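[1] give the three-dimensional model of this entry:
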Amino acid sequence: MSETLHLSEPLRRLIIDHCAQTLPNEGCGLIASDKGGNLVGVYPTANLDDSPTGYTVPPQEHFAALSDAESKGWELSGVFHSHPDGSAEPSMDDVAAALDPEWVYLVVGLSGEPVIRAWRIRQKEIKEISLI
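    Next up is the predicted model:
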């Protein structure tokens, strides 16, 4: 794990709280970074799938997050979602759906104490990113 990202406690708490509120379904949202690549924003969204095993960020909420991030000089740099009964590792469905090789994929494991882990998924290859 050569790449490292910093996730502040307030952003970490926002992600976990949002995912806990969506139980028993997966929670999801988008994340934003500043020009230096630091995670600076979280955009909790609805889950169009309304499912415990899949997620889709609503297009209108994606656009709203993109507009807000760009107005602050940030860029959307990834997505987060939860696994209500699983670990914080990408599933095969997550890997298949990962289309942007530059994005960070945060997975929240809610089986037991909540855990967030970060991943890059490029051409179906999964690489964990150190998350501080």
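
[2] what's the distance between the residue nearest to the spatial centre of the chain and residue 21?
    Nearest to the mean C-alpha position of the chain, counting by C-alpha atoms, centre = their mean, stands residue 80 at 1.3 Å. Distance of residue 80 to residue 21, computed by C-beta to C-beta, to the nearest Å: 14 Å. Placement of C-beta: from N, CA and C, glycine included.

[3] just residue 13 next, same as before
    12 Å.

[4] so for these two, which residue has more residues nearby?
    Per other C-beta atoms under 10 Å, whichever of residue 13 and residue 21 has more neighbours is residue 13, with 12 against 9.

[5] next, give phi and psi for that one.
    Its backbone dihedrals place residue 13 at phi -60, psi -40, with angles given as degrees, to the nearest 10.

[6] so for it, what's the pLDDT?
    Note on residue 13: pLDDT of 97.

[7] from the chain's centroid, how far away is whichever strand or helix holds residue 15?
    Using DSSP states H and E, residue 15 maps to helix 9-21. Centroid displacement of helix 9-21 relative to its chain, using C-alpha atoms, centre = their mean, to the nearest Å, is 11 Å.

[8] for it, buried residues please.
    Neighbour counts using 16 or more other C-beta atoms under 10 Å place 11-12, 14-16, 18-19 of helix 9-21 among the buried residues.

[9] quick check: neighbours shared by residue 80 and residue 21?
    residue 27 (C-beta atoms under 8 Å, 6 or more residues apart in numbering).
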